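Student: Sequence isn't available, so here's the structure alone:
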């Protein structure tokens with residue numbers, strides 16, 4: 001393609017975005033189409049914590065239910081403004097006579113939410129590091145299957161069932177949320193993958209290892225997913241997970257290993273313009289795959305052996321369109337862990353619950369503004385509890 005033709009294509013794509021479409025900028029070079037897209041998002045969040053002090057950085061940009069402060073103390077509040085969720089991506093699609101190759105890379109800037117220097121950055125320039133979200137290539141084979149290699153959403157997830165919320169994740173305690181490197185094969189409605197192994201292990205309070213540590217598994221996590229129903233109005237997906245949790249030498253246990261598993265049922269049902277979305281999860285050793293690691297995958301018993309931790313969680317949301325441009329969402333979520341408290345102690349999360357409601361306005365498809373009210377409550381095994389109430393206003397423009 002000549003520079004003149006490329007410029008013409010760029011102007012045409014920009015015109016589409018300006019007129020309200022959410023189409024990304026694209027251009028064709030031979031057999032390959034190049035696409036650039038993303039969005040800009042500004043978030044203003046006021047959070048009141050029933051128990052102070054306010055968390056320093058983590059959880060201030062989006063909700064992490066497992067770190068809601070608990071215990072005794074006075075309530076405290078905080079106001080945060082951020083554009084760090086903004087992102088951009090680059091995609092290529094190459095079609096040959098018998099093959100199709102797709103590559104995708106996406107970055108955002110939320111890494112600063114976990115940076116100890118974030119408070120100092122906010123005093124002056126509000127800088128942030130770029131964070132890798134996706135980086136993969138997929139090969140559409142002549143047989144009809146597709147092989148994906150790289151980092152993207154876990155096969156254990158079903159994004160089409162996720163609620164339409166302003167918070168970066170939503171009712172996080174009840175949902176699966178994982179991005180990681182993998183090798184995945186897709187055929188029709190079925191997917192199977194080998195994914196990056198990593199598990200957190202709870203230490204034993206009786207042996208002076210009250211904290212936790214990360215395992216070094218030798219086997220990849222095995223995930224699979226099948227869409228039981230996939231129509232224009234109804235989606236129902238079943239996913240499964242099998243994983244090895246390996247204590248290695250981190251806790252002087254020798255080389256103890258245990259197997260964990262998880263199952264997930266997700267769906268979406270449309271009623272006219274409205275829809276209901278849901279997800280229910282259960283696992284023994286499911287760990288980080290549920291609730292942003294609200295419970296660890298296993299705990300060390302008194303002899304240094306691993307015991308898996310059972311956990312369950314889910315959410316349900318209802319989206320209602322007041323008109324073509326106005327819509328609201330109501331979502332509730334829940335998480336519960338069956339901790340082995342004789343080993344872990346009672347200062348671990350037992351339950352988390354949440355409720356969220358919003359009002360969104362989209363004058364054009366590419367632009368949305370709105371407000372959202374969120375409530376999260378966390379309780380430990382020892383009865384200590386706390387909650388946070390957050391009011392969020394956001395403006396988002398997709399290109």
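Tutor: Ah, there it is. For clarity, every value in this text was computed on a predicted model and none was experimentally measured.

Student: so who does residue 40 touch?
Tutor: With contacts defined as CB atoms under 8 Å, 6 or more residues apart in numbering, residue 40 is in contact with 83, 86, 396-397, 399. All C-beta spots, glycine's among them, are computed from the backbone N, C-alpha and C.

Student: Can you give me the buried ones in stretch 46-63?
Tutor: By neighbour count with 16 or more other CB atoms under 10 Å, stretch 46-63 contains the buried residues 47, 49-52, 54-55, 57, 59-63.

Student: Three-state assignment for the residue nearest the centre of the chain, please.
Tutor: Central residue of the chain (CA atoms, centre = their mean): residue 177, 3.4 Å from the mean position. Residue 177 falls in the coil class when you classify it by DSSP: H, G, I helix; E, B strand; the rest coil.

Student: Please, which helix or strand holds residue 277?
Tutor: strand 274-284 (DSSP states H and E).

Student: now for that strand, which elements pack on it?
Tutor: If contacts are counted by 3 or more CB pairs under 8 Å, 6 or more residues apart in numbering; DSSP states H and E, strand 274-284 sits against strand 257-271, strand 310-321.

Student: can you redo those strands as JSON lines with mean pLDDT and distance to residue 96?
Tutor: As requested, the helices and strands packed on strand 274-284 are arranged in JSON lines below (pLDDT from 0 to 100; distance: least, CB to CB, whole Å):
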{"stretch": "strand 257-271", "mean pLDDT": "97", "distance to residue 96": "35"}
{"stretch": "strand 310-321", "mean pLDDT": "98", "distance to residue 96": "40"}
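
Student: and residue 383, which of those strands is closest to it?
Tutor: For these, the distance to residue 383 is smallest for strand 310-321, at 19.1 Å, taking CB to CB.

Student: Tell me the buried residues in that closest one?
Tutor: In strand 310-321, counting by 16+ other CB under 10 Å, buried: 310-319.

Student: So which of those is the closest to residue 283?
Tutor: residue 311 (6.1 Å).

Student: quick one: the closest one and residue 288 touch, right?
Tutor: No. Using CB atoms under 8 Å, residue 311 is not in contact with residue 288, being 10.5 Å away.

Student: still on that earlier bit, could I get the buried residue list for the strand holding residue 277?
Tutor: Those would be 275, 277-284, for strand 274-284 by 16+ other CB under 10 Å.

Student: So what touches that strand?
Tutor: Identification of contacts with strand 274-284 by CB under 8 Å, 6+ apart yields 158, 161-163, 174-176, 241, 260-269, 289-290, 308-321.

Student: what are the ranges of the helices in the stretch 251-399 of the chain?
Tutor: 341-344 (DSSP state H, counting those that start in this stretch).

Student: dump the residue contacts of residue 227.
Tutor: 189-190, 235-237.

Student: Of these - the most surrounded one?
Tutor: Neighbour tally across the contacts of residue 227 (other CB atoms under 10 Å): the maximum, 22 neighbours, falls on residue 237.

Student: neighbouring strands for the host helix or strand of that one, and are they parallel or not?
Tutor: Assigned by DSSP H and E, residue 237 belongs to strand 234-246. With DSSP bridges as the test, strand 234-246 is paired with strand 221-230 (antiparallel), strand 257-271 (antiparallel).

Student: can you redo these as a markdown table with distance to residue 332?
Tutor: Output for the strands paired with strand 234-246, formatted as a markdown table (distance: least, CB to CB, whole Å):
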| stretch | distance to residue 332 |
| --- | --- |
| strand 221-230 | 24 |
| strand 257-271 | 16 |
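
Student: which residues does the closest residue to residue 314 other than its chain neighbours bridge with?
Tutor: Excluding the flanking residues, the one nearest residue 314 by CB to CB, 6 or more residues apart in numbering is residue 280, at 4.0 Å. Beta bridges link residue 280 to residue 265, residue 314, judged by DSSP bridges.

Student: For residue 315, see how far away residue 280 is.
Tutor: 9 Å (CB to CB, to the nearest Å).

Student: Can you name the residues that contact residue 287?
Tutor: 199-200, 243, 245, 260, 293, 295-298, 309, 311.

Student: nearest spatial neighbour of it, skipping sequence neighbours?
Tutor: Excluding the flanking residues, the one nearest residue 287 by CB to CB, 6+ apart is residue 297, at 2.8 Å.

Student: Could you work out which of the helices and strands packed on strand 274-284 reaches nearest to residue 380?
Tutor: Going by CB to CB, the one of those nearest residue 380 is strand 310-321, 14.6 Å.

Student: Next one: residue 273 from residue 308, what distance?
Tutor: Where residue 308 is concerned, residue 273 sits at a distance of 43 Å (CB to CB).

Student: same check, this time on residue 154
Tutor: The value you get for residue 154 to residue 308, if CB to CB is used, is 19 Å.

Student: Residue 78 too?
Tutor: To residue 308, residue 78 is 37 Å away according to CB to CB.

Student: Of the two, give the one with the bigger neighbour count.
Tutor: A count of neighbours by other CB under 10 Å puts residue 308 above the other of residue 78 and residue 308, at 22 against 15.

Student: Now do the contacts for residue 151.
Tutor: Contacts of residue 151 (CB under 8 Å, 6+ apart): 132, 134-136, 179-182.
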